[in-house]
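S.K.: No letters, just coordinates:
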DNA sequence: GTCTATATAGGGATAGAC
DNA sequence: GTCTATCCCTATATAGAC
């Protein structure tokens, strides 16, 4: 446990990422200096540069972790033929998304709080449209789906990111699974035929 | 029209705010320097300081505009007694929120993209809890409401901010009123009794 | 693998003329 | 009300010793 000489290596790297994630989320990426991170870890700024050539690279790595996770869902969506088929599988994928959020609230929060910073990152990326958000927007824009369904697709994403992201603090004391169940319920409601098209006495 | 000597005054102020809003949204608050803003307006950095003592003050003013608008809704919510009464009026307020978003997408986008910057601002504010978001979170946290309703309240906010905010680009070509109607429909669906509690053949 | 020391740039902010 | 000139600080990043 007690690391020997020049500290461990891969371990330090992880610790840097953990601290960075926390500070980036709390104070924002731009307002967090390398000094802040280094002091928290009791190492020097220069030491950071051994692991990450540029500050951006820290953010990038965090970004990629979220991307990898989202990738699975987006890929499934893209695999389905454009149009009604995508509408059909979406509710299932939304549920996958919920499971994934339960385990990764922090990463989502980091992302939400630093949207503009992440975007500068994406601009610097070589790949034109590998980014999960860009790909999702593309799907959402498709005229092959009915507008109502497109709106509902966006709505479901909004529900999930709000409850597990920005409003997460309000549900701190709620067991994650209970919260997830309630959100699943909401998703189910959005999947059903809207009230305006039912002959139901309200 | 052709402004006389040293330009107009209040007009310039507005132009500064307009340009700032655009750049802050596009590139992010931190990545936008006063130089950027000044060059776009063909004035010098120093001229900016005549209107705004600090860079933060530009952001602050933009912030306050959004706050003023949100204030109305939050105040109504707070006026109702905690608990079921708030659940009852919320759907109506959500509709107000939609109307308001239709007219103020840009301001919302600015806010979403610069969450952390706005938060540093709020920390500097004297008032402990005048901030709309803080007050909403407080309401959302109240144990006087059923957890299901609290989740749905958050969900509705998520729907609105997602469709009119982050995913707005995907609905660019859709007439705002048509979009608003579809979102209203979603809100209505979230207000109804969930499917799991109905005896409806699905 | 981590340090000290330093380079360098860019940003916010001010003083004072016009 | 706007400009020129300039200050000062902080932040990223590098060089090179241990």
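M.R.: That came through fine. Owing to the predicted nature of the structure, the values given are computational and were not obtained by experimental measurement.
S.K.: so which helix or strand takes in the spatially most central residue of chain A?
M.R.: Nearest to the geometric centre of chain A sits residue A:108, at 3.8 Å (CA atoms, centre = their mean). Following DSSP states H and E, one finds residue A:108 within helix A:105-113.
S.K.: Pull out the buried residues from that helix.
M.R.: A:107-113 (16 or more other CB atoms under 10 Å in any protein chain shown). For glycine as for every other residue, the C-beta is placed from the backbone atoms N, C-alpha and C.
S.K.: surely the residue nearest to the centre of chain A meets residue A:167?
M.R.: No. Residue A:108 is beyond contact range of residue A:167, at 11.7 Å (criterion: CB atoms under 8 Å).
S.K.: Next, see if the helix or strand of chain A with the lowest mean pLDDT gets close to chain B.
M.R.: When each helix and strand of chain A is scored by mean pLDDT, DSSP states H and E, helix A:115-124 comes last, with a mean of 88. Yes. Helix A:115-124 reaches chain B (CB under 8 Å from any CB of the partner chain) through A:115-117, A:119-120.
S.K.: Is there any residue in that helix that contacts DNA strand D?
M.R.: No. Judged by CB under 7 Å from any atom of the strand, helix A:115-124 stays clear of DNA strand D, getting no closer than 11.2 Å.
S.K.: and that helix, how far from the chain's centre?
M.R.: Offset of helix A:115-124 from its chain centre (CA atoms, centre = their mean, to the nearest Å): 14 Å.
S.K.: ok, then the element right after that helix?
M.R.: Following helix A:115-124 toward the C-terminus (DSSP H and E): helix A:132-141.
S.K.: Counting by contacts, list what that next one packs against.
M.R.: Applying 3 or more CB pairs under 8 Å, 6 or more residues apart in numbering or on different chains; DSSP states H and E, one finds that helix A:132-141 makes contact with helix A:55-79, helix A:147-161.
S.K.: Going by neighbour count, list what's buried in that helix.
M.R.: For helix A:132-141, by 16+ other CB under 10 Å, it's A:132-133, A:135-137, A:139-141.
S.K.: distance of the residue nearest to the centre of chain A from residue B:102?
M.R.: 27 Å (CB to CB, to the nearest Å).
S.K.: coming back round to it: save the helices and strands packed on helix A:132-141 as CSV, and put in distance to DNA strand D and mean neighbour count too.
M.R.: Output for the helices and strands packed on helix A:132-141, formatted as CSV (distance: least, CB to the nearest atom of the strand, whole Å; neighbours: other CB atoms under 10 Å in any protein chain shown):
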stretch, distance to DNA strand D, mean neighbour count
helix A:55-79, 4, 17
helix A:147-161, 27, 23
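S.K.: ranking those by mean pLDDT, which is last?
M.R.: Here the lowest mean pLDDT among those goes to helix A:55-79, at a mean of 95.
S.K.: any idea of the angle that one forms with helix A:132-141?
M.R.: Relative orientation of helix A:55-79 versus helix A:132-141 (axes from the mean of the first three to the mean of the last three CA atoms, to 10 degrees): 30 degrees.
S.K.: Pull the residues that contact helix A:55-79.
M.R.: A:16-17, A:20-21, A:24, A:29, A:34, A:37, A:52, A:86, A:89-90, A:93, A:96-97, A:100, A:104, A:107-108, A:110-111, A:114, A:117-118, A:121, A:124, A:130-132, A:135-136, A:139 (CB atoms under 8 Å, 6 or more residues apart in numbering or on different chains).
S.K.: Please apply the same query to stretch A:159-175.
M.R.: Residues contacting stretch A:159-175 (CB under 8 Å, 6+ apart): A:94, A:97-98, A:101-102, A:105, A:108-109, A:112, A:179, A:183, A:186-187, A:190, B:137, B:140-141, B:147, B:150-151, B:154-155, B:157-159, B:161-162.
S.K.: Right, I'll call it a day here.
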